[in-house]
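Predicted model and sequence follow; I will ask about them next.
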Amino acid sequence: MRKTNDIDESIVRALSADARRSYADIGVEVGRSAPAIKRRVDKLCEEGAILGFTVRINPHSFSRQTEGIIELYCHRNTTPEMIRRGLSNHPEVVSASTVTGDADALVHVSVSGTRQFEQVLQRIKEEPFVERTKSSLIQSPIIRRDNAVPLID
């Protein structure tokens with residue numbers, strides 16, 4: 001698999017935000033023609049970097065080789081919807097779930113390295129519903145089922 005570049009990453013960010021955007025619209029944003037965007041999207045699909053639509057990407061194709069888990073401890077009266085809305089603003093968030101136990105939610109993030117992890121953690125800490133966090137970096141995934149069908153939307 002070839003290394004992606006800034007244009008590829010910009011295209012994937014645009015598709016991740018709205019996979020139905022036209023190639024012409026994305027082209028205006030990244031400074032390329034619609035046919036050039038289509039060729040790049042086709043190539044990314046062919047190489048396995050884009051796994052499907054709505055866009056599921058191989059994080060290692062886009063320099064996101066560091067993953068972490070953030071435990072969120074929220075202020076009283078914080079609802080799951082408030083957490084969902086706040087975390088939706090952070091593209092590095094892979095998944096988030098409310099949980100039992102001391103923490104209110106667990107957040108899985110995928111980033112390019114520890115520096116970006118610190119930056120994302122700081123941005124999440126600044127969300128108005130967050131009282132405190134506890135974080136861990138993932139060393140080696142043991143089992144990963146990216147194609148698992150979620151039980152709940």
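Perfect, I can see it now. Residues are numbered from 1 along each chain as shown.

Am I right that residue 132 is in contact with residue 70?
No. Using C-beta atoms under 8 Å, residue 132 is not in contact with residue 70; the gap is 10.7 Å. In this view, the C-beta of every residue, glycine as well, is placed from N, C-alpha and C.

Neighbour count: those two, which is higher?
residue 70 (23 against 11; other C-beta atoms under 10 Å).

Centre of the chain to the helix or strand that one falls within, how far?
Residue 70 is part of strand 66-74 when elements are defined by DSSP states H and E. Mean C-alpha position of strand 66-74 versus that of the full chain (C-alpha atoms, centre = their mean, to the nearest Å) differs by 13 Å.

Which stretches in the protein count as helices?
6-17, 23-30, 34-46, 80-87, 114-125 (DSSP state H).

Format these as CSV; extra columns: mean pLDDT and mean neighbour count.
As requested, those are exported to CSV (pLDDT from 0 to 100; neighbours: other C-beta atoms under 10 Å):
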stretch, mean pLDDT, mean neighbour count
helix 6-17, 86, 17
helix 23-30, 94, 16
helix 34-46, 94, 16
helix 80-87, 97, 15
helix 114-125, 96, 15
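
Next, work out how far apart the residue minimising distance to the centre of the chain and residue 75 are.
Geometric centre of the chain, nearest residue: residue 92, 3.7 Å, by C-alpha atoms, centre = their mean. Note on residue 92: its distance to residue 75, by C-beta to C-beta, to the nearest Å, is 23 Å.

swap in residue 81?
Residue 81 is 14 Å from residue 75, by C-beta to C-beta.

Could you do residue 99 as well?
In terms of C-beta to C-beta, residue 99 sits 17 Å off from residue 75.

Break the protein into its domains for me.
The chain breaks down into these domains under automatic domain parsing: 6-60, 66-137.
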